[in-house]
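Asks: predicted model, plus sequence, below.
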There are 2 protein chains.
Amino acid sequence: MYPPQFSPNFAKGGGFITAIAVDADDGQVLMLASMNEEAFGLTLETGKVHYYSRSRNKLWKKGESSGNMQELVEMRVDCDIDAVIVRVRQRGPACHEGYKSCFFRTVQPDGTLRVDAERLMDPQKMYGGKS
Amino acid sequence: MYPPQFSPNFAKGGGFITAIAVDADDGQVLMLASMNEEAFGLTLETGKVHYYSRSRNKLWKKGESSGNMQELVEMRVDCDIDAVIVRVRQRGPACHEGYKSCFFRTVQPDGTLRVDAERLMDPQKMYGGKS
């Protein structure tokens, strides 16, 4: 499957594209992350979603430390070919804070934040003591 | 309403956060764009979604040239406070290519792209001859 005939525009973003992970069943946005070319290729090749952690400067197979992997159901690409949606089956919470989605808070009209999602898992328990 | 008590982490992204626009009614991801602090503030203040066009280096009120504005229904923020979801009522197509969503193509297993969405509007007619 790899290398694919299609290649996103990695150059535009300094070697990265943005990936939006969406729950394949209910369409909820789970998280946002970057992919470099290797992460993009591995995602298509293995069917497991890979990102590139720009804070840790390393390839990041989602769930490699937490076990909360993402199985690729469909990949979509935007008009500028510099962003993709990965529709996934998410094991456990996508967010390292233990919520299904990283977007577990709303910005209220008065500018405060309000959590309106249920915490699925204690973050301390997600990584077995590892950060 | 502005300045809000909450401020995203603009510094992390060199003055920008990433915004995902989602259809408030059906949850479909419409587009991805950047916001600077001014665009973020104006979005909350006016209820009309503003971005920052990094290719044109200017504040960008969505729909200012096409008429296809986005009315803010809800804003959500992620765990790292460097990305937001804007749940919107979108007038017309969100994509400058005339599709409801910028993500109108799937990446097929053989690496080719396939359009699986309906074009709602002729892009030539969206901007009245303006680019």
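Replies: Looks like it arrived, so ask away.
Asks: check the offset of stretch A:90-100 from the chain's centre.
Replies: When C-alpha coordinates are averaged (Cα atoms, centre = their mean, to the nearest Å), stretch A:90-100 and its chain have centres 10 Å apart.
Asks: cool, and stretch A:9-26?
Replies: 8 Å.
Asks: flag the shaky bits of chain A, pLDDT-wise.
Replies: Across chain A, residues meeting the criterion (pLDDT under 70) sit at A:1-4, A:128-131.
Asks: which residues in it form strands?
Replies: A:17-23, A:29-35, A:50-53, A:58-61, A:70-77, A:83-90, A:105-107, A:113-115 (DSSP state E).
Asks: now do the second one and strand A:83-90, the angle between them.
Replies: Angle, strand A:29-35 to strand A:83-90, by axes from the mean of the first three to the mean of the last three Cα atoms, to 10 degrees: 130 degrees.
Asks: now strand A:29-35: how far from the chain's centre is it?
Replies: Worked out by Cα atoms, centre = their mean, strand A:29-35 lies 3 Å from the chain centre.
Asks: then that strand to CSV, C-alphas only?
Replies: Taking Å, rounded to 0.1, in the frame of the first residue of the first chain, the C-alpha atoms of strand A:29-35 are listed here in CSV:
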residue,chain,number,x,y,z
VAL,A,29,-13.7,14.9,17.0
LEU,A,30,-11.3,13.1,19.3
MET,A,31,-8.0,14.9,19.0
LEU,A,32,-5.7,16.9,16.8
ALA,A,33,-2.1,16.1,16.1
SER,A,34,0.7,16.3,13.5
MET,A,35,1.9,13.7,11.0
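Asks: and the contacts of it?
Replies: Outside strand A:29-35, the residues that touch it by Cβ atoms under 8 Å, 6 or more residues apart in numbering or on different chains are A:13, A:16-23, A:43, A:50-54, A:60, A:62, A:84, A:88, A:90, A:94-95, A:100-103, B:18, B:20, B:22, B:29, B:78, B:83, B:85. Placement of C-beta: from N, CA and C, glycine included.
Asks: are any of these buried, and which?
Replies: The neighbour-count criterion (16 or more other Cβ atoms under 10 Å in any protein chain shown) marks A:13, A:16-23, A:43, A:50-52, A:54, A:60, A:62, A:84, A:88, A:90, A:94-95, A:100-103, B:18, B:20, B:22, B:29, B:78, B:83, B:85 among those as buried.
Asks: may I see the strands of chain A organised as a markdown table, with distance to B:Asn68 added?
Replies: Converted to a markdown table, the strands of chain A look like this (distance: least, Cβ to Cβ, whole Å):
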| stretch | distance to B:Asn68 |
| --- | --- |
| strand A:17-23 | 21 |
| strand A:29-35 | 21 |
| strand A:50-53 | 31 |
| strand A:58-61 | 35 |
| strand A:70-77 | 20 |
| strand A:83-90 | 19 |
| strand A:105-107 | 23 |
| strand A:113-115 | 29 |
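Asks: to B:Gln124, which of the ones you listed lies closest?
Replies: strand A:70-77 (22.7 Å; Cβ to Cβ).
Asks: any idea of the angle that closest one forms with strand A:17-23?
Replies: 120 degrees.
Asks: check whether strand A:70-77 contacts chain B.
Replies: Yes: residues of strand A:70-77 are located near chain B by Cβ under 8 Å from any Cβ of the partner chain, namely A:Glu74, A:Met75, A:Arg76, A:Val77.
Asks: can you give me the neighbour number for the nearest residue to the second one once chain neighbours are set aside?
Replies: By that I understand A:Met75. Nearest non-adjacent residue to A:Met75, counting by Cβ to Cβ, 6 or more residues apart in numbering or on different chains: B:Val107, 4.2 Å away. If you count neighbours by other Cβ atoms under 10 Å in any protein chain shown, B:Val107 ends up with 24.
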